[in-house]
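J.: A structural model of the following input is requested.
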Amino acid sequence: MKNTLILLLVLAQTAIAEPPSPNEQARFLAGMPQEGSSLAGLAQRGEFNSHAKDLDATWADAEERQLGPIRAWAPLGLPEAVSDTSPLLYVFSGPDFLHAYTFFPNASTYVLAAVEPVGLPPDVTKLSEGELGASLRNLRNTLNASLSFSFFITADMKKDLQATKLTGTLPVLYVFLARCGCHIQKVENIWLDAEGKILTDKQTKTSGARITFLGAQGKHQTLYYFSTNIASWALKQDASFLRFCDGLGTMNGFTKSASYLMHLNEFHTIRDYLLTHCHTMTQDDSGIMWKDFPRESWDVKAYGWYPGPIPLFKQHYQPDLAEYYRTTEVPAIPFGIGYQWRPKQSTLIYGVSKMMVRKAIPVVEEKPAAAPGAFTAPSPAPAPKALPVAQ
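T.: Here you go, the predicted structure:
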């Protein structure tokens, strides 16, 4: 009888125990201290300790080499965008909340759009002993390229995001949010209807996630990630993502390592949308072509150096951009970004629209029923620990 009573008490306590919060899940996946967390017991295992140690080292390297210099430089180089609380639209992003937040920490809303799947909110308590170590190793593999070189390798990421039970982009977003000092409050899977309204109880072709969080400075902010095809033909068939963005009003735009897709006519719709809906545009040379910024409505300048594309994208060399760098005294940047990730080899383009700021249209949620002189190219900087092969 006594043993039966003890068993019933244990089962009752288990039944009423609340599952780990999204913020606790995020801090665990990010390898951060677990004092006071409901996952503290799980964090005693060797798999977590190895994960935390490896991520701490990789993060410290990224912080010293890239993230810290970006935070120090951005308010001086991109003043209109960095200080603005307007939404940030980051296309061809993958799950790269890290660079969005590092460049633009004051945005009220972050909208990321890419083809990678959303996945479900991760729950490490549902991983078996063997699955936990494999899942954490795989997560580190996914993060490695972004932390070392500032971009994800699409083919590798596609494989990594499906390899274990920590699937989709949400685990990566969790890590970046936690490591950036953000506190996750709520996570939801969402979808968009044809008019761009948010659905929470009905699945559509455009799936996404909505994460509300407190930023490092204590501000309430929102992150949207949408898994969607933004090729022109796809947007013609389903414009729900653009209709959602319409509700955000004037935004700041950002993109990098975008495979030069907006150099192609097949992506002219999203290119033109950015140019007519964004107050600023920050990008590397793989975004909107230098010549495609209409100078009558945009002031455009560049930073860093233009060595041209890496060999994989050599056909996208821009002679007019090279001429700008050759004939203008272009300010340096103390960090690397994009495919040419070495600090003194990177191109950063910054445009500010001259057009009047548009008035925002409220986002509607569908409720459930019920310089002069020549510039000489500098010598390459030391490489990080590993060099990925572009896919």
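
J.: quick one, helices of the stretch 1-150 of the chain?
T.: Assigned by DSSP state H, counting those that start in this stretch, the helices in the stretch 1-150 of the chain fall at 2-16, 22-29, 46-62, 68-77, 79-82, 97-103, 129-149.

J.: what comes up buried for the longest one?
T.: Of the residues in helix 129-149, those buried under the neighbour-count criterion (16 or more other CB atoms under 10 Å) are 132-140, 142-149. Placement of C-beta: from N, CA and C, glycine included.

J.: residues in contact with stretch 177-190?
T.: Residues outside stretch 177-190 that contact it (CB atoms under 8 Å, 6 or more residues apart in numbering) are 21-23, 26-27, 29-30, 32, 55, 59, 97-98, 101-102, 118, 120-121, 170, 174, 198-200, 207-216, 221, 223-224.

J.: Could you give the average pLDDT over that stretch?
T.: Averaged across stretch 177-190, pLDDT comes to 98.

J.: now the end-to-end length of that stretch.
T.: Start and end residues of stretch 177-190 are separated by 19 Å (CA to CA, to the nearest Å).

J.: In that stretch, which residues are buried?
T.: 177-180, 182-184, 187, 189-190.

J.: How far does that stretch sit from its chain's centre?
T.: Computed by CA atoms, centre = their mean, to the nearest Å, the chain-centroid distance of stretch 177-190 equals 13 Å.

J.: how about the strands in the stretch 201-350 of the chain?
T.: Using DSSP state E, counting those that start in this stretch, the strands of the stretch 201-350 of the chain run over 206-214, 220-227, 251-255, 278-283, 298-304, 347-353.

J.: Relative to residue 328, which of the ones you listed is closest?
T.: With CB to CB as the criterion, residue 328 lies closest to strand 298-304 of these, at 7.8 Å.

J.: Pull the residues that contact that closest one.
T.: Residues outside strand 298-304 that contact it (CB under 8 Å, 6+ apart) are 77, 275, 281, 290, 293, 321, 324-325, 328, 330-333, 344-354.

J.: could you redo the last one with a cut-off of 6 Å?
T.: Residues outside strand 298-304 that contact it (CB atoms under 6 Å, 6 or more residues apart in numbering): 293, 330-331, 333, 346-353.

J.: Just the buried ones from these?
T.: Among these, those buried by neighbour count (16+ other CB under 10 Å) are 293, 330, 333, 346-353.

J.: Closest to residue 250 out of those residues?
T.: residue 353 (8.4 Å).

J.: For that closest one, name its beta-bridge partners.
T.: residue 298 (DSSP bridges).

J.: Could you pick out which of the buried residues of stretch 177-190 are located in helices?
T.: Residues of the buried residues of stretch 177-190 located in helices (DSSP state H): 177-179.

J.: Output these in TSV; the columns should cover distance to residue 258.
T.: Output for these, formatted as TSV (distance: CB to CB, whole Å):
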residue	distance to residue 258
177	23
178	26
179	24
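
J.: on that earlier part again, which of the contacts of stretch 177-190 count as buried?
T.: Listed as buried from the contacts of stretch 177-190 are 21-23, 26-27, 29-30, 32, 55, 59, 97-98, 101-102, 118, 121, 170, 174, 198-199, 207-211, 213, 215, 221, 223-224; burial here means 16+ other CB under 10 Å.

J.: picking up where we left off before, put together a markdown table for the helices of the stretch 1-150 of the chain, with mean pLDDT on each row.
T.: Formatted as a markdown table, the entries for the helices of the stretch 1-150 of the chain read as follows, by pLDDT from 0 to 100:
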| stretch | mean pLDDT |
| --- | --- |
| helix 2-16 | 46 |
| helix 22-29 | 97 |
| helix 46-62 | 93 |
| helix 68-77 | 95 |
| helix 79-82 | 88 |
| helix 97-103 | 96 |
| helix 129-149 | 83 |
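
J.: got a markdown table for the ones you listed, with distance to residue 230 too?
T.: As requested, the helices of the stretch 1-150 of the chain are exported to a markdown table (distance: least, CB to CB, whole Å):
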| stretch | distance to residue 230 |
| --- | --- |
| helix 2-16 | 45 |
| helix 22-29 | 27 |
| helix 46-62 | 28 |
| helix 68-77 | 25 |
| helix 79-82 | 21 |
| helix 97-103 | 17 |
| helix 129-149 | 20 |
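
J.: Residue ranges in the chain under the pLDDT threshold?
T.: Along the chain, segments meeting pLDDT under 70 span 1-17, 148-164, 356-391.

J.: Could you rerun that using 80?
T.: Low-confidence segments of the chain, defined by pLDDT under 80: 1-18, 145-165, 343, 356-391.

J.: Nearest spatial neighbour of the residue nearest the centre of the chain, chain-adjacent residues omitted?
T.: When CA atoms, centre = their mean is applied to the chain, the residue found nearest the centroid is residue 96 (2.0 Å). Leaving aside its chain neighbours, residue 96 sits nearest to residue 146 (6.3 Å; criterion: CB to CB, 6 or more residues apart in numbering).

J.: now swap in residue 262 and tell me
T.: Nearest residue to residue 262, sequence neighbours excluded (CB to CB, 6+ apart): residue 271, at 4.2 Å.

J.: and the one you found, how many residues sit next to it?
T.: As a burial measure, residue 271 scores 21 neighbours (other CB atoms under 10 Å).

J.: can you tell me how far it sits from residue 245?
T.: Going from residue 271 to residue 245 by CB to CB, to the nearest Å gives 14 Å.

J.: If anything else comes up later, I'll come back, but that's it for now.
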